[in-house]
Each structure stands twice: as C-alpha cells, then as structure tokens.
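Asker: The sequence and its predicted three-dimensional model are supplied below.
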Amino acid sequence: MAMAGLPQGDDEAGALPLSEINVTPFVDVMLVLLIVFMVAAPLMLSAVPVQLPSAAAAPATPPTEPIVLTLDREGNAFLRDEPIEAGTLTARMRVLAAAGTDRTVQVRADRGLAYGDVLAAMGAVSAAGFSRVALLAEQPAR
C-alpha cells in the first residue's frame with residue numbers, strides 16, 4: 001500500500017537534494033573549543049612565581065611634547081600654529097629654551113620653500129640652544 005504524496009518504487013529516485021547546511025555539529029565543536037580556551041587561558045598567563053625586589057628609583061617621566069615649527073610657502077614662520085614676526089624666531093626659541101633644551105623641535109616646511117630658508121630657520125633653532133631637530137615629511141602613498 002502506497003502512501004499518498006510519496007514517490008513509489010526506488011527510494012532515491014524521487015528524493016530531492018538537501019539544500020540546507022546542518023551547522024549543529026559546527027556549533028557544538030566551537031562551544032567545546034571555547035570552553036577549552038576559557039579554561040586554558042588563565043593557565044597560560046601564569047609565569048614562574050618569583051618575589052620581586054623593591055626599588056627606590058623614581059618613576060620614569062613621560063616624554064615631553066615636541067615644539068612644532070611650521071614654515072609656509074611664503075617663508076612665514078608659525079610656532080604651534082601662532083604666527084611669528086620675521087626676524088624674531090631666534091628670540092622666541094630662546095624663550096622656549098629657557099624651560100629646557102631637552103625637547104625636540106619638529107620643523108614642518110612647505111616643499112615649495114627654498115632650501116636656504118629652511119636652513120636659516122634650523123640655524124635659529126640651533127642658535128637658541130636646541131640640539132634635537134627633526135624634519136617632518138609625508139608618508140608616500142602606497
């Protein structure tokens with residue numbers, strides 16, 4: 001006796017392909033791996049137990065913010081985005097050097113500016129007493 005709606009004869013002849021992916025085994029494996037890593041992670045963090053000695057050294061000081069000197073295409077100088085009068089760059093840098101010359105001076109110069117103008121500004125920075133001068137440039141596009 002044949003049931004209504006089912007194909008008769010060979011069982012595989014009228015079977016439709018299964019179009020769904022069964023993710024239950026995958027989820028089960030992932031949950032087991034999650035539990036394994038949750039248990040193993042604290043064990044991997046523990047190192048060899050030692051008793052560290054104490055030290056009376058002063059904590060390290062954070063690095064100081066650099067001084068940024070910008071030179072535009074016309075040769076105008078800007079110190080921290082504040083315009084500087086022509087010829088007063090050395091005097092302004094000496095005022096900053098009074099607080100300490102251990103800071104880095106970063107020079108940002110327009111590519112159209114003459115090489116001699118950049119060297120003159122770097123000479124003013126050096127004359128003020130700063131020995132760490134960095135020239136900033138753009139990273140090339142990749």
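Answerer: On my side now, so go ahead.

Asker: Count the neighbours of residue 94 for me.
Answerer: 15 (other C-beta atoms under 10 Å). No exception for glycine: its C-beta is placed from N, CA and C like everyone else's.

Asker: Just the element for it, please.
Answerer: Counting by DSSP states H and E, the element that carries residue 94 is helix 89-97.

Asker: Check which element follows the top helix by length along the chain along the chain.
Answerer: Secondary structure assigned by DSSP state H gives helix 24-45 as the longest helix of the chain. Per DSSP H and E, the first helix or strand lying C-terminal to helix 24-45 is strand 67-71.

Asker: Sketch out the low-pLDDT regions of the protein for me.
Answerer: Along the chain, the model assigns pLDDT under 70 to residues 1-14, 46-47.

Asker: got the CA coordinates for stretch 24-40 in CSV?
Answerer: Only the C-alpha atoms of stretch 24-40 are listed here, as CSV (Å, rounded to 0.1, in the frame of the first residue of the first chain):
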residue,chain,number,x,y,z
THR,A,24,24.7,22.0,14.6
PRO,A,25,27.9,19.9,14.6
PHE,A,26,29.9,23.0,13.9
VAL,A,27,28.4,25.0,16.7
ASP,A,28,29.0,22.1,19.1
VAL,A,29,32.6,21.9,18.2
MET,A,30,33.0,25.7,18.6
LEU,A,31,31.4,25.6,22.0
VAL,A,32,33.8,22.9,23.2
LEU,A,33,36.8,24.8,21.8
LEU,A,34,35.5,28.0,23.6
ILE,A,35,35.3,26.1,26.9
VAL,A,36,38.8,24.6,26.4
PHE,A,37,40.3,28.0,25.7
MET,A,38,38.5,29.6,28.6
VAL,A,39,39.9,27.1,31.0
ALA,A,40,43.4,27.1,29.4
